[in-house]
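Student: fold the following.
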Amino acid sequence: MLEISLLGSFSLKINGIRIYPDLGPAGQRMAAYLFASPGKLHRRERLADLFWREMPLERSRAALNSAMWRLRKILCQDPSSNGASNLRSAGEYVVFELAPWIQVDAEIISNVAKRSYVAEEQQATTALQKVIDLYDGPFMEGEGDAVFVEERERLHSCFVELAHEVLALYIAHKDYPNAIAICRRVLSFDPYREYFVRKILGLLCLNEQRAEAASFYERWQKTLRDDIGVGPMPETLNLLRVVRRCETFEDVEKIRTIVHMPRQSSPGLIAW
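Tutor: Reported below is the predicted structural model:
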């Protein structure tokens, strides 16, 4: 099995053992571009221009040919590759096809995000959690090429949508520790996603971690103000007031209502 990681830093593993491809920076970016768009025909001239644009045409095409040869050698390291037959050249076009022996983390997240899960599905939680765990950072993190930016944003949106799904499942089953972990994971990559901030504040309180909820909020709001110069939304402040004074059964029920509230609903500017 060849495991291709494009989320976070680029990496390749064969049967669980990491390999270090001799592709060079441009060749690595080209490989990531092909891996992220399986089944798509790419013009050779376009690939050469995208990743070796600083070279004259003939040299860029030669560099592309060399990178393709090196990439085939890498694919051939998997015993199931059949001579890297899934990386094909057809005249002026190049195409990379997925195969049963290849796993691409970005492709898995993208495909799962297209499906629909319902809270009653017993296997949905485990399946979604496995996909969430694949997300180790932005797509091709650190690469500034325009060809990666749109895909980076799209895949991050897929990750957040899947996090919404699995969070709802954990909350529905009152699995607050795992729900808290999902919030922390999203916020580690997207710290200003305030929906998850409200959820974690309420979840920590329901999990008998009220002091941690207050501490988390203080750290988060300081970062928010220092980094982008804005304050929390009114809904977040309203929830925080209840968390801080949480002493009665009614307070706990108010927090529980917010935590279990469906995503489509909103507490608005309710003054508690």
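Student: so where's the stretch 1-150 of the chain shaky on pLDDT?
Tutor: Under the criterion pLDDT under 70, the flagged ranges of the stretch 1-150 of the chain are 116-122.
Student: in it, which spans are helices?
Tutor: Applying DSSP state H, counting those that start in this stretch to the stretch 1-150 of the chain gives helices spanning 24-35, 44-51, 57-75, 105-113, 124-134, 146-172.
Student: make a markdown table from the ones you listed and add distance to residue 86 and mean neighbour count to it.
Tutor: C-betas here are computed from N, CA, C, even on glycine. Output for the helices of the stretch 1-150 of the chain, formatted as a markdown table (distance: least, CB to CB, whole Å; neighbours: other CB atoms under 10 Å):
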| stretch | distance to residue 86 | mean neighbour count |
| --- | --- | --- |
| helix 24-35 | 11 | 20 |
| helix 44-51 | 17 | 18 |
| helix 57-75 | 7 | 17 |
| helix 105-113 | 13 | 19 |
| helix 124-134 | 21 | 17 |
| helix 146-172 | 21 | 19 |
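Student: closest one to residue 239 among those helices?
Tutor: Among these, helix 146-172 comes nearest to residue 239, with 14.9 Å by CB to CB.
Student: now do the strands in the stretch 151-272 of the chain.
Tutor: For the stretch 151-272 of the chain, no strands are identified by DSSP state E, counting those that start in this stretch.
Student: which stretches of it form helices?
Tutor: 176-189, 194-206, 210-228, 234-245, 249-260.
Student: just so I know, which of those helices lies nearest residue 96?
Tutor: Of the helices of the stretch 151-272 of the chain, nearest to residue 96 by CB to CB is helix 176-189, at 27.0 Å.
Student: does anything pack onto the closest one? Which helices or strands?
Tutor: Packing partners of helix 176-189 (3 or more CB pairs under 8 Å, 6 or more residues apart in numbering; DSSP states H and E): helix 124-134, helix 146-172, helix 194-206.
Student: the same query, at a cut-off of 7 Å, please.
Tutor: helix 146-172, helix 194-206 (3 or more CB pairs under 7 Å, 6 or more residues apart in numbering; DSSP states H and E).
Student: next, format these as JSON lines and append distance to residue 135.
Tutor: Listed next are the helices and strands packed on helix 176-189 as JSON lines, based on distance: least, CB to CB, whole Å:
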{"stretch": "helix 146-172", "distance to residue 135": "5"}
{"stretch": "helix 194-206", "distance to residue 135": "14"}
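Student: identify whichever of the ones you listed lies nearest to residue 69.
Tutor: helix 146-172 (22.0 Å).
Student: out of the helices and strands packed on helix 176-189, which comes closest to residue 215?
Tutor: helix 194-206 (9.2 Å).
Student: quick one: that closest one to helix 176-189, angle?
Tutor: If you take axes from the mean of the first three to the mean of the last three CA atoms, to 10 degrees, helix 194-206 sits at 150 degrees to helix 176-189.
Student: what's the angle from helix 194-206 to helix 234-245?
Tutor: 10 degrees.
Student: give me the buried stretch members for helix 194-206, please.
Tutor: 195-206 (16 or more other CB atoms under 10 Å).
Student: quick one: mean pLDDT over it.
Tutor: For helix 194-206, the mean pLDDT works out to 96.
Student: and it, what other elements does it pack with?
Tutor: Going by 3+ CB pairs under 7 Å, 6+ apart, helix 194-206 lies up against helix 176-189, helix 210-228, helix 234-245, helix 249-260.
Student: of all these, which one is nearest residue 22?
Tutor: helix 176-189 (30.4 Å).
Student: next one: the closest one to chain centre, how far?
Tutor: Centroid separation for helix 176-189 versus its chain: 13 Å, with CA atoms, centre = their mean, to the nearest Å.
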